[in-house]
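Student: Provided below are the primary sequence and the corresponding predicted coordinates.
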Amino acid sequence: MKQVHILIPAYNPDEKLLHIVEEVLAANFSVIVVDDGSEVGLEIFDELKRFPSCCVLHHAINLGKGRAIKTGLNYCYVNFPKSVGVVTADADGQHLSTDIKKVADALLESPSKFIIGSRVFSKKNIPVR
């Protein structure tokens, strides 16, 4: 079976991350979350570890989003060498789980292509972030 993994770098996330992960897992994708040196005591990472298809990796200090993505990609390459690919998403709810699924499905349909999601906004509905 072809497999795509969802990679989410996270620094001091809130409950939005938990909801995104739950929705992506419900769509039968596995999730890799990289805690990029978040503050000690964030229980959300412990909650995420309870999901069988969710792996949480940790940086001891904040190394930045790029390094967190590299950490997650390396984990995928080592542990899932036959995977079709990886979709990255933000931990702050900026990317809807339905859109994450659309990009993952497009990758499954065209595994040799580089898929980039793009958002189009009118002036009335530009998100704050």
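Tutor: Right, received. Where do you want to start?
Student: okay, now Lys16: neighbour count?
Tutor: Look at Lys16: counted by other Cβ atoms under 10 Å, it has 15 neighbours. C-beta here means a position set from N, CA and C on the backbone, and glycine is covered the same way.
Student: State the helix or strand in which it lies.
Tutor: helix 15-26 (DSSP states H and E).
Student: hmm, who's touching that helix?
Tutor: 6, 8, 10, 31, 33, 44, 47-48, 51, 53-54, 89, 91-93, 95, 97, 100-101 (Cβ atoms under 8 Å, 6 or more residues apart in numbering).
Student: Take these and keep only those in helices.
Tutor: Of the positions in the contacts of helix 15-26, Ile44, Glu47, Leu48, Ser97, Ile100, Lys101 sit in helices, assigned by DSSP state H.
Student: Just give me the least confident of those residues.
Tutor: Across the ones in helices among the contacts of helix 15-26, the bottom pLDDT score, 89, is held by Ser97.
Student: Closest to Phe114 out of the ones in helices among the contacts of helix 15-26?
Tutor: When the ones in helices among the contacts of helix 15-26 are compared for distance to Phe114 (Cβ to Cβ), Ile100 wins out at 16.3 Å.
Student: Apart from its neighbours in sequence, what residue is nearest Gln53?
Tutor: Actually, residue 53 is Ser rather than Gln. Computed as Cβ to Cβ, 6 or more residues apart in numbering, the closest residue to Ser53 that is not its neighbour in sequence is Ser30, at 4.4 Å.
Student: pLDDT below threshold where in the protein?
Tutor: 1, 41, 121-129 (pLDDT under 70).
Student: Where do the strands of it begin and end?
Tutor: For the chain, applying DSSP state E gives strands covering 4-10, 30-36, 54-59, 85-88.
Student: circling back: let me know the angle separating the helix holding Lys16 from strand 4-10.
Tutor: If you take axes from the mean of the first three to the mean of the last three Cα atoms, to 10 degrees, helix 15-26 sits at 170 degrees to strand 4-10.
Student: gap between helix 15-26 and the chain center?
Tutor: Relative to the centre of its chain, helix 15-26 is centred 10 Å away, using Cα atoms, centre = their mean, to the nearest Å.
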